[in-house]
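Enquirer: turn this into a structure:
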Amino acid sequence: MLLVLFTQVGQTQSPGYFAVSLPWVGLQSEVQGVIGKESERRLPIQIPGQVISVQGLDFQLGEVRALVSGAPTDVLVNQTGVRLRGESLEMTAQVMGIFIDQIIERIINGHRVRIRVQAQCEPFQVQFRQGNLNMTYAWKDTEEGLRIQSELFQVVIPQEMVTVGELKCQGLEGLGAEIQAAIYFAVKNPERLQNMAKFALEKRMNDFISEKWKLLQLGTQYRVQKYGILFFRNFDFPAEFDSEILRYQIDEKDVEPRVVMTEKNLNHIILQRIQQFSKQKVSLNEVSAFQRILRSRFLQFFLWPDLLNFSKSARFEIESSALQNLTLHKTAGGYDVGGIVLSTVRGERRKVLRDYLKLSSRIRASVDSQISGGRLVLNVHDVQSEMSWKFASDYEEEFSPSTHISSTIRNKINESIMTDRQFTVGLPVTEVGGRQWKMKSMFHRDQFVEILLED
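Expert: Okay, the predicted model is just below:
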């Protein structure tokens, strides 16, 4: 049965949504790992003194100082909540004495006799082992989102597993056996010991559960599915709402947390990054194809006559201002990218860096993708370009330049600028539940992209 706890997102064009997938299996493994370490700890507790009534006797039980150890060994996380069970609970308690000051009535030789009992017992030890722990937590839908709440916290201690150290008491003359039997009965009472153990463990386990499930405090839009929880988050940029994301199902074999989005929205992220990447400033002096012609007057004469008016050491740079008609298509190894890049070339003439050329380049390139350093890295290669150009209006007006530039050298320089470039794409979310995440790997399933996370 699929439990749906989801506030329907509006069917608008902006913002778009991606999902954070938390499979039950992974969450269960994480809890088991931490609880395994918890089981090695011995938790000290102190319980104030209290009055216990047994068989008409009122005992003033001294303070109890105990060490409790053990944690659940059986952990189940599923769509209803979390269940934790264990059979290794142990406690060693030092009871800091017993005091009795009471008038009791007894029938002696047919007569009712009132006796004042004043007794004091030295500190003694109580131990139990193989206590059973049973805890249940349920998912709760709240105004702040999904939370987990304790529903059952049960400690069961078999009475035969309880041992009480030797009692040394003063003031029990004549009634020693009777009162000692009552004391043993009182301190070996499983229900009382269970309450002591519960007092010790419940807060620790509740704090632990609350801390671990900060991971779940990801928003108010979510779905509890058979194999995990999906949280829906807004992109940090305008994106189309793609209803396909609502149809994503966590798979039975999924373990790692992951970011899930549609192919459409991943393409949107990549296109945005390419747009940013295209608006860069590049020194042409570092481009080998341009270096070669700038240093050779012979090549300039035939291929680019106007460069004869510049120093061989003149600075040149190219800066892209816009990317138009951008297209992106998924391929087996990455993406095919196309578009028109508008750029300005600036050149240093008469010691002034000025606008020199206005370029419009139709670009086609292949982009390979890989996960490296926790980020998606895109490498640009196999660039092809067709460039149209003109002199900047101010430059043309001042210098009336020669209008010949070889198309071969123009395209070669343009392709050299783009080839072997790489840029990275970050996650739409890097912090989940107070933890920083990095990309581990990425794969495509149906119409979805799944990015496995690691911290």
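
Enquirer: could you use CA atoms for every contact and neighbour count after this?
Expert: Fine.

Enquirer: and the strands in the stretch 251-400 of the chain?
Expert: 258-262, 281-283, 316-330, 334-349, 352-372, 375-391 (DSSP state E, counting those that start in this stretch).

Enquirer: ditto for the stretch 51-200 of the chain
Expert: 57-61, 64-69, 74-78, 81-95, 98-108, 111-121, 124-142, 145-156, 162-164, 169-170.

Enquirer: pretty sure residue 256 sits against residue 20.
Expert: No - using C-alpha atoms under 8 Å, residue 256 is not in contact with residue 20; the gap is 10.8 Å.

Enquirer: which of those two has more neighbours?
Expert: residue 20 (23 against 17; other C-alpha atoms under 10 Å).

Enquirer: what's the spacing between that one and residue 255?
Expert: 13 Å (C-alpha to C-alpha, to the nearest Å).

Enquirer: picking up where we left off before, closest to residue 325 out of the strands of the stretch 51-200 of the chain?
Expert: Taking C-alpha to C-alpha, strand 145-156 is the member of the strands of the stretch 51-200 of the chain nearest to residue 325, at 41.1 Å.

Enquirer: got the buried residues for that closest one?
Expert: 145, 146, 147, 148, 150, 153, 155, 156 (16 or more other C-alpha atoms under 10 Å).

Enquirer: just checking, the third one touches residue 139?
Expert: Yes - using C-alpha under 8 Å, residue 147 is in contact with residue 139, at 5.8 Å.

Enquirer: can you give the domain ranges for this structure?
Expert: 22-205, 262-424 (automatic domain parsing).

Enquirer: residue 402: how many residues sit nearby?
Expert: So residue 402, with other C-alpha under 10 Å, has 12 neighbours.

Enquirer: give me phi/psi at it?
Expert: Residue 402 adopts backbone torsions of phi -70, psi 140, taken as degrees, to the nearest 10.

Enquirer: ok, residue 406 next?
Expert: According to degrees, to the nearest 10, residue 406 has phi -60, psi 130.

Enquirer: contacting residues around it?
Expert: 303, 304 (C-alpha atoms under 8 Å, 6 or more residues apart in numbering).

Enquirer: and it, how far from residue 225?
Expert: Counting by C-alpha to C-alpha, the gap from residue 406 to residue 225 is 62 Å.

Enquirer: if we can go back for a sec, adding mean pLDDT, write the strands of the stretch 51-200 of the chain out as CSV.
Expert: Supplementary listing: the strands of the stretch 51-200 of the chain in CSV, determined by pLDDT from 0 to 100:
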stretch, mean pLDDT
strand 57-61, 81
strand 64-69, 81
strand 74-78, 88
strand 81-95, 84
strand 98-108, 82
strand 111-121, 83
strand 124-142, 83
strand 145-156, 79
strand 162-164, 83
strand 169-170, 82
